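1. prediction below, plus the sequence it came from.
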Amino acid sequence: MIYLCLVKLEEAQQKFIQGWGQLGASWGINRTMAQIQAVLLLSPKPLCTDEVMEKLQISRGNANMNIRELISWGVVYKSFIKGDRKEYYYSEKDMWQLAKKVSRERKKRELEPLVQILGELKTIEGNGDEVDEIKKVVKSANSMANRAESVLDLVMKLDENVFFKWFKKK
């Protein structure tokens, strides 16, 4: 027999915010940044900084810094309400678009710098076991980075239905 446990709205929101924060942290994203995004994801309307601060019990500086970072990632947007001087924010709510934007940003911030460094290391001078070993490791890491870059490029180009059809075939 299956028992359904009803969860109150506030409890459900808190669980989602905490879970989204943990997911963000495991992806290398600041936990507070991910929690702010979760608050914005759950909100049916854009929120001002004060509302985000109150919901998460964080400082204005922390809220502002992380909101700006979310905007730079392209996953949170700024809006204005006529007659109100405050800035309001809302999140990308399409999870596929969100995943594509995060993938694009992670590629730019993490993978591209690694590929650049590995490219510079292809021309190591010298002979001996240590030189041979670093060349072997650099070649292997470069191969992995190029494959990861190709997969990320593919994910960013495909729409959701095509991606999952392709993914099921593999």
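-> Thanks, I have it.

2. helix, strand, or coil at residue 85?
-> Recorded secondary structure, residue 85: coil (DSSP: H, G, I helix; E, B strand; the rest coil).

3. actually, residue 125.
-> With three-state DSSP as the basis, residue 125 sits in coil.

4. then residue 79?
-> Assignment for residue 79 (three-state DSSP): strand.

5. and for residue 45?
-> At residue 45 the chain is in coil, as set by three-state DSSP.

6. neighbours of it, just the number please.
-> If you count neighbours by other Cβ atoms under 10 Å, residue 45 ends up with 10. (C-beta placed from N, C-alpha, C; glycine too.)

7. can you check the one 3 residues further on too?
-> A count of neighbours around residue 48, defined by other Cβ under 10 Å, yields 15.

8. one more: residue 137?
-> Using other Cβ under 10 Å, residue 137 has 12 other residues around it.

9. then it would be within a helix, right?
-> Yes: assigned with three-state DSSP, residue 137 falls within a helix.

10. any chance you could map the strands in the protein?
-> In the chain, the segments counted as strands under DSSP state E are 47-48, 76-80, 87-91.

11. can you pull the domain assignment for the chain?
-> 9-91, 95-169 (automatic domain parsing).

12. returning to what we had before: any idea which of the strands of the chain gets closest to residue 117?
-> Nearest to residue 117 among the strands of the chain is strand 76-80 (30.2 Å), distances taken as Cβ to Cβ.

13. mind listing what that closest one pairs with, with the direction of each?
-> Its sheet considered, strand 76-80 pairs with strand 87-91 (antiparallel) by DSSP bridges.

14. do I have it right that residue 81 meets residue 89?
-> No: assessed by Cβ atoms under 8 Å, residue 81 is found out of contact with residue 89, at 11.5 Å.
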